[in-house]
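S.K.: return a 3D structure for these sequence lines:
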Amino acid sequence: MNSSKSIVWINIFTAKPGKLDELVSTEAEELLNFKDIAGPGWISSRWHRSVDNNKAIMITTFESIEYHKRLLEKADIIEHINKMKHLIEKTEGGYYTLVGSVETCTSPKY
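M.R.: This is a model prediction of the structure:
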């Protein structure tokens with residue numbers, strides 16, 4: 001079991017009716033530029049699409065809550081959020097810490 005001192009922001013997006021495909025593709029494209037905008041303090045982001053409803057989830061890991069809050073004040077991030085608003089019905093987000101994980105291990109191939 002592993003634990004971590006980093007912080008994870010999990011944001012659940014409910015797309016406006018008929019807008020999930022556009023939300024998913026637009027955010028996936030924007031995510032490619034996120035590394036340049038986020039800078040140090042950002043660790044990773046994963047973008048997931050629901051298979052049975054109009055939701056998507058962004059799971060982003062940061063070094064700290066404070067770093068994430070400072071990032072949200074950047075002009076590029078504010079512009080991105082405003083660009084996506086017309087696709088989103090609602091969001092629900094929260095901070096989480098990793099308390100354990102299990103992963104598949106494979107033997108090295110010789």
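S.K.: any low-confidence regions in this structure?
M.R.: 1-4, 107-110 (pLDDT under 70).
S.K.: do a quick rundown of the helices in it.
M.R.: Assigned by DSSP state H, the helices in the chain fall at 20-38, 65-71, 75-84.
S.K.: mean neighbour count for these - can I get that in CSV?
M.R.: Glycine gets a C-beta too; all of them are placed from N, C-alpha and C. Listed next are the helices of the chain as CSV, based on neighbours: other Cβ atoms under 10 Å:
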stretch, mean neighbour count
helix 20-38, 14
helix 65-71, 15
helix 75-84, 12
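S.K.: closest to K5 out of the ones you listed?
M.R.: helix 65-71 (11.5 Å; Cβ to Cβ).
S.K.: any figure for the gap between the nearest residue to I10 once chain neighbours are set aside and V8?
M.R.: Residue nearest to I10 in three dimensions, not counting chain neighbours: I59, with 5.3 Å by Cβ to Cβ, 6 or more residues apart in numbering. For I59, the distance to V8 equals 6 Å [Cβ to Cβ, to the nearest Å].
S.K.: and the residue nearest the centre of the chain, what does it touch?
M.R.: Residue closest to the average C-alpha location in the chain (Cα atoms, centre = their mean): M58, at 2.9 Å. By Cβ atoms under 8 Å, 6 or more residues apart in numbering, the contact list for M58 reads W9, I10, N11, F13, E27, S45, R46, W47, H48.
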